[in-house]
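1. One predicted model, sequence on top.
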Amino acid sequence: MKSRGTEEMKPRAVYLEMKGIRKSFGATHALDGVDLRVQAGQVLALVGENGAGKSTLMKILSGVLHPDAGGMMLDGKPYTPRNPHDARLAGVAMVYQELSLAPHLSVTENIMLGMEPANFGVVNRSEARRLALDALAQLGHSDIPPNVPVGRLSVAERQIVEIGRALAIGCRVLVLDEPTSSLTAADIERLFVLIRRLRDQGKAIIYISHFLEEVKKISDRFVVLRDGRSVGEGKTKSTPLKRVVTLMVGREVTDFYPRSRRKSGDVILRANDLTGEAKPVAASFELHRGEVLGIAGLMGAGRSELLRTIFGLEPIRRGEIKLGVYSGPASPSLRWTQGMGMVSEDRKNEGLAMGLSVADNVTLSRLTGFGPAGMVFPRRQNQSASTWMDKLQIRCQGPGQRVIHLSGGNQQKVAIARLLHHDVDVFLLDEPTKGIDIGSKVEIYRLIDELAKRGKSVLFVSSYVPELLGVCDRVAVMSRGHLHRARPAKSLDESEAMMEATGAL
Amino acid sequence: MKDWGRKVGPLTGLVIVFALFSLLRPGSFPTAGNIELMLLQTAVVGTGALGMTIVIVSGGIDLSVGSMVALSTVTIALLLNIGVSPLAAAVGGVAAGAFCGSLIGFLVTRLRLAPFIATLAMWGALRGAAKGLANEQVIVAPSTWLNNLLNVLTDDQKWMIVPPGVWLMLILACIVGAFLNYTRLGRHIVAVGSNEQTARLCGISVERTKLVVYMLGSGFAALAGVLQFSYLTVGDPTTGTGMELDIIAAVVIGGASLSGGEGRVLGSLVGALIMTVVANGSTKMELPNWVQEIVTGGIIIAAVALDRYRHRRME
């Protein structure tokens, strides 16, 4: 595993080194001795579950936080950034998961923001434009128009602008934090081409991702973080993925997709030619009792819209829905009473009220039974939430803790617990495992399996085909608003599903 | 446990300013009579702050409350003049408030105006309506028990401890506090303020909730108008100018977040008291008015800055 010996013989010097980094917040050791080295012209993947300390480490690298112990060297010199500005001047640039661009400003203005070439305070526009075009050309994306407001660009283009900004300040170390989480497959390919290009230009790149397939594809080396320590590193090519997962989780993951014997019953949800505002287009499917039906497809294929139309969050243009004995469209509140619940894809902005407590979030859709005549006694509310916290093993300080302080995986469990508290029969799950650690993913798979076994029905939307094939009974692929016929998961394989999704089939 | 500082923060501020003025003017400031007077002076803004807390917790804002207070005094005076009983006149004033609140609710939920804009428009329109109804004059009304809600207690009334108007404010504060914390509708209001999309996803009717919120907000403003009428004993279409800002300041000092989802009724009352104490104490110190106003500004900044600091430490 450890391949330090061979690397030290390489002629290229270590470009950035972090050694023995420690950082505590109060009594919790966020980082407890992390070593990380990356060379110029290399892509280093930083992997680890949520809460392993990746973001704390990167905050230290970019000068947002200061380490309690340990040191950093950049290009052979000690590197101690006092703030993010310092770090940028030293050539360390971050591209964050949530892009930090000003939507109303133009591409040029965004790239040059904070370092506009100016004469006596007046921006030299032609020079700024030239520098911006230069940065875009370096990225091989001269196709992005420099005068357009960034708000009108696609997510993928915005990301390129953000990387362009890092280049314009002359970055030597580039950190990409989950850069692909909101990109389509084609855009991911283009991003990889760009990353390789930057690598070949001699940049040191740190690539943070949950998607190990991507790590395998793009990185030269990897470092695994667990519980604030670096627990393993090595060359990506010669290390099997399974080994990386074992390092991340700290134990052997044997049963990734648990699946017990299930029996499908009658049809509980039926859609006929269901058509929304733009998507879906004439979608038809049947969901049975005790069945998990997967919806695969690319970003923007209309999978979320399908769920939202069914749940009454978006209007129905044509077609019909029948849920149990109820037919026709309904508002979300009616859907809840009809025994249907939904977990939103956007946990932060829609799924959960981040400022409210775990108990409030779990019970929000059904605040009855906590007291007489519309009263809600917090003690009873907390009791009820506590049972679900135990069942789903939600790790938090108590039912009164605000969900914003929970890890992504635990937040997602809170969102799912709401459906359990409401005791719905039909679960609409939109990307329920997005951005959460592997341990929590497996727990959610297990929960879905248990629900199906108990006769509940699950509509499971995901961009990650292997989990759909692992968890679902049948899978239907959606592309450009059209829903293809559902097929048994056993008879599908990943490439076939992808072909269908990209419209090649 | 972490929210502890949040709960006692404004109260600590109140204790500090009270202690400060007590030290500086031990003879005239901390007397029973002066404390009663300060409670009286807080009643109008405090009552308005109850409604404003609901509005701000729901993620909205109401700039029209000062004008609503004026419209309410005018309505009460007009009703008394046509021979309606005092209680009915007061109820009429509050009903006018609830009606105006439903208008705001309509603008916000149906026309999808931002609350700031909708209530800015109502700030002008309601003031105009008050002036129109009153013919741009003060309306003299017959003397009734309504005029005695905010009088300093006479010796044979001492058993009441504080005047009835102050009791009204305190009792309503308890009710509103319990409403927000312990009822389904109250929790729905907090949820809408915390994250509107989540509320919708959970099947809460966001529109209906907001409609109730603005009706309550304007209703309490009109009730503040009843107290203001009691204080003035006339209907005055120009009263309460700028009062909306005092009320918002009280709620903000009390620890509410203007982005919604957070706010405490008790905090808002304490915020209103802090402002009265500063004003009263400054008068006792014979400080000019402009000093008071600067100090009040400083307190708003200090309260919010402290709150931000606490937030940052929690995250």
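-> Alright, I've got the coordinates. Numbering: from 1, shown residues only, chains lettered A, B, ... in the order given.
2. which ones are touching the residue nearest the centre of chain A?
-> Centroid-nearest residue in chain A: A:Gly435, 3.2 Å away (criterion: C-alpha atoms, centre = their mean). A:Gly435 makes contact with A:50, A:178, A:181, A:210, A:347, A:408 under the criterion C-beta atoms under 8 Å, 6 or more residues apart in numbering or on different chains. No exception for glycine: its C-beta is placed from N, CA and C like everyone else's.
3. can you do 6 Å?
-> A:Gly408 (C-beta atoms under 6 Å, 6 or more residues apart in numbering or on different chains).
4. repeat for A:Gly470
-> Here A:Gly470 is in contact with A:Tyr257 (C-beta under 6 Å, 6+ apart).
5. Where does pLDDT dip in the chain?
-> No chain in the question, so chain A it is. A:1-14, A:27, A:50-51, A:97-99, A:182, A:251-255, A:498-499, A:502-505 (pLDDT under 70).
6. could you do chain B instead?
-> Ranges of chain B meeting pLDDT under 70: B:1-7, B:311, B:313-315.
7. and it, which residues reach chain A?
-> B:182-184, B:187, B:191, B:194-195, B:197-198, B:201-203, B:261 (C-beta under 6 Å from any C-beta of the partner chain).
8. before we move on, the earlier item: phi, psi for the residue nearest to the centre of chain A please.
-> The phi/psi pair for A:Gly435 (degrees, to the nearest 10) reads phi 70, psi 30.
9. just checking, what packs against the helix or strand harbouring B:Ala88?
-> Here B:Ala88 sits within helix B:86-109, counting by DSSP states H and E. For helix B:86-109, the packing partners by 3 or more C-beta pairs under 6 Å, 6 or more residues apart in numbering or on different chains; DSSP states H and E come out as helix B:65-81, helix B:115-133, helix B:206-232.
10. ok and the residue in chain A nearest chain B?
-> In chain A, the residue that lies nearest chain B is A:Ser333 (3.4 Å; C-beta to the nearest C-beta).
11. buried stuff in the helix or strand containing that residue?
-> Taking DSSP H and E as the definition, A:Ser333 sits inside helix A:332-337. Neighbour counts using 16 or more other C-beta atoms under 10 Å in any protein chain shown place A:332, A:334-336 of helix A:332-337 among the buried residues.
12. Would you mind measuring from the residue of chain B found nearest chain A to A:Val424?
-> Closest to chain A within chain B is B:Gly203: 3.4 Å, counting by C-beta to the nearest C-beta. Between B:Gly203 and A:Val424 the computed distance is 11 Å (C-beta to C-beta, to the nearest Å).
13. measure the closest residue to B:Gly97 other than its chain neighbours to B:Leu269 for me?
-> Using C-beta to C-beta, 6 or more residues apart in numbering or on different chains and skipping residues adjacent in sequence, the residue nearest B:Gly97 is B:Ala222, 2.5 Å away. From B:Ala222 across to B:Leu269, the span is 19 Å (C-beta to C-beta).
14. who has more neighbours, those two?
-> Neighbour totals were compared for B:Ala222 and B:Leu269, and B:Ala222 leads with 33 against 27 (other C-beta atoms under 10 Å in any protein chain shown).
15. In contact with that one: list those residues for me.
-> B:Ala222 neighbours (C-beta under 6 Å, 6+ apart): B:68, B:72, B:93-94, B:97.
16. and those, which are buried?
-> B:68, B:72, B:93-94, B:97.
17. Format the residues you listed as JSON lines; extra columns: distance to B:Gln292.
-> Shown next, in JSON lines, are these (distance: C-beta to C-beta, whole Å):
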{"residue": "B:Met68", "distance to B:Gln292": "25"}
{"residue": "B:Ser72", "distance to B:Gln292": "27"}
{"residue": "B:Gly93", "distance to B:Gln292": "30"}
{"residue": "B:Val94", "distance to B:Gln292": "31"}
{"residue": "B:Gly97", "distance to B:Gln292": "29"}
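18. Out of those, which comes closest to B:Ile54?
-> B:Gly97 (13.2 Å; C-beta to C-beta).
19. From what I see, that closest one and B:Phe220 are in contact.
-> No: using C-beta atoms under 6 Å, B:Gly97 is not in contact with B:Phe220; the gap is 7.6 Å.
20. And the helices in the stretch 201-315 of chain B?
-> For the stretch 201-315 of chain B, the helices defined by DSSP state H, counting those that start in this stretch cover B:206-232, B:243-253, B:265-284, B:289-314.
21. Now stretch A:231-244: buried residues?
-> Judged by neighbour count (16+ other C-beta under 10 Å), stretch A:231-244 contains these buried residues: A:231-234, A:236, A:239, A:244.
22. distance between it and the chain's centre?
-> Centre-to-centre, stretch A:231-244 and its host chain are 22 Å apart (C-alpha atoms, centre = their mean, to the nearest Å).
23. how far does it stretch from start to finish?
-> With C-alpha to C-alpha, to the nearest Å as the measure, stretch A:231-244 spans 10 Å from end to end.
24. Now residue 149: phi and psi?
-> No chain in the question, so chain A it is. phi -60, psi 140.
25. ok, it - contacts?
-> Contact analysis of A:Pro149 by C-beta under 6 Å, 6+ apart lists A:104, A:106.
26. From the centre of chain A, give me the residue that's furthest out.
-> In chain A, by C-alpha atoms, centre = their mean, A:Phe120 is the one farthest from centre (44.1 Å).
27. swap in chain B?
-> Distance from the centre of chain B peaks at B:Leu201, with 31.8 Å (C-alpha atoms, centre = their mean).
28. For it, list the residues it contacts.
-> Residues in contact with B:Leu201 (C-beta under 6 Å, 6+ apart) are A:344, A:350.
29. rerun that using 7 Å as the cut-off
-> With contact taken as C-beta atoms under 7 Å, 6 or more residues apart in numbering or on different chains, B:Leu201 is in contact with A:332, A:342, A:344, A:350.
30. now do A:Leu356
-> A:402-403, B:191, B:194, B:261.
31. same thing but 10 Å
-> A:364, A:402-404, B:187, B:190-191, B:193-195, B:198, B:261-262 (C-beta atoms under 10 Å, 6 or more residues apart in numbering or on different chains).
32. What of B:Ile300?
-> If a contact means C-beta under 10 Å, 6+ apart, then B:Ile300 has B:248-250, B:252-253, B:271, B:274-275 as its contacts.
33. picking that back up, for the helix holding B:Ala88, buried residues please.
-> Those would be B:86, B:89-94, B:96-98, B:100-105, B:107-109, for helix B:86-109 by 16+ other C-beta under 10 Å.
34. With stretch A:181-195 instead?
-> Buried residues in stretch A:181-195 (16+ other C-beta under 10 Å): A:182-184, A:187-188, A:190-192, A:194-195.
35. Among the residues you listed, which ones are in helices?
-> The helices, defined by DSSP state H, take in A:187-188, A:190-192, A:194-195 from the buried residues of stretch A:181-195.
36. Kindly report the residues of the stretch 401-505 of chain A close to chain B.
-> Taking C-beta under 10 Å from any C-beta of the partner chain as the contact definition, the stretch 401-505 of chain A meets chain B at A:401-402, A:404-405, A:415, A:418, A:422.
37. Select from these the one having the most neighbours.
-> That'd be A:Arg418 among these, by other C-beta under 10 Å, with 26 neighbours.
38. can you pull the contacts of the residue nearest to A:Ser260 when sequence neighbours are not counted?
-> In space, and not counting its chain neighbours, A:Ser260 is closest to A:Lys453: 5.3 Å by C-beta to C-beta, 6+ apart. A:Lys453 makes contacts with A:259-263, A:290, as judged by C-beta under 10 Å, 6+ apart.
39. Sort out which of the residues you listed are buried, if you could.
-> The buried subset of those - by 16+ other C-beta under 10 Å - is A:259, A:262, A:290.
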